[in-house]
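Visitor: please find the sequence and the predicted model below.
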Amino acid sequence: MTDNPFGGAGGFDMNALLEQAQAVQAQLMEAQQQLAETVIEGTAAGVTVKVSGTGDLLGIDITPGSVDPADPEALSDLGDVIVAAYRDAKTRADEAAAQALGPLAGGGGLPGMPSAGQLGF
């Protein structure tokens, strides 16, 4: 077989591939840093939860008067409301991460290279 499997008359340029991989890695790291610095809020029944773009819990705010401290059932429900608010915030953070990292973390990444799906993974 005399055909070059990497195409083109010049053959496979490993340096160009490495440069491109380094550029993609730098873009990915920058996007991850921006996500870590982003604050996203989720809410449920008077509770606001703040998470970073990476999903780390940053804070919980409970609106005064939204829970009656004398009502044991309301206090018990407060935990469920906090979880619901966190899930709302985490969903939003996941969506922001997918939007920010999608083009970088998606299959393939490098032109001319097959995606994981094309390889049967």
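Guide: Alright, I've got the coordinates. Residues are numbered from 1 along each chain as shown.
Visitor: and residue 82, how far from residue 74?
Guide: Note on residue 82: its distance to residue 74, by CB to CB, to the nearest Å, is 13 Å. Placement of C-beta: from N, CA and C, glycine included.
Visitor: okay, the two: which has more neighbours?
Guide: Neighbour count, other CB atoms under 10 Å: between residue 82 and residue 74, residue 82 has more, with 18 against 13.
Visitor: show me which residues of the helix or strand harbouring the more buried one are buried.
Guide: Per DSSP states H and E, residue 82 falls inside helix 72-105. If you call a residue buried by 16 or more other CB atoms under 10 Å, then helix 72-105 has these buried ones: 78, 81-82, 84-86, 88-90, 92-93, 96-97, 100-101, 104.
Visitor: likewise for stretch 58-70?
Guide: 62, 67.
Visitor: end to end, how far does it reach?
Guide: Start and end residues of stretch 58-70 are separated by 28 Å (CA to CA, to the nearest Å).
Visitor: measure the residue sitting nearest the centre point of the chain to residue 60 for me?
Guide: Nearest residue to the geometric centre of the chain (CA atoms, centre = their mean): residue 97, 2.5 Å. Separation of residue 97 from residue 60 (CB to CB): 21 Å.
Visitor: ok, which stretches of this structure are helices?
Guide: 14-37, 72-105 (DSSP state H).
Visitor: which one of the buried residues of helix 72-105 is nearest residue 70?
Guide: residue 78 (13.1 Å; CB to CB).
Visitor: my read: that closest one touches residue 60, true?
Guide: No. Judged on CB atoms under 8 Å, residue 78 makes no contact with residue 60 at a distance of 10.1 Å.
Visitor: joint contacts of these two?
Guide: Residues touching both residue 78 and residue 60 (CB atoms under 8 Å, 6 or more residues apart in numbering): residue 47.
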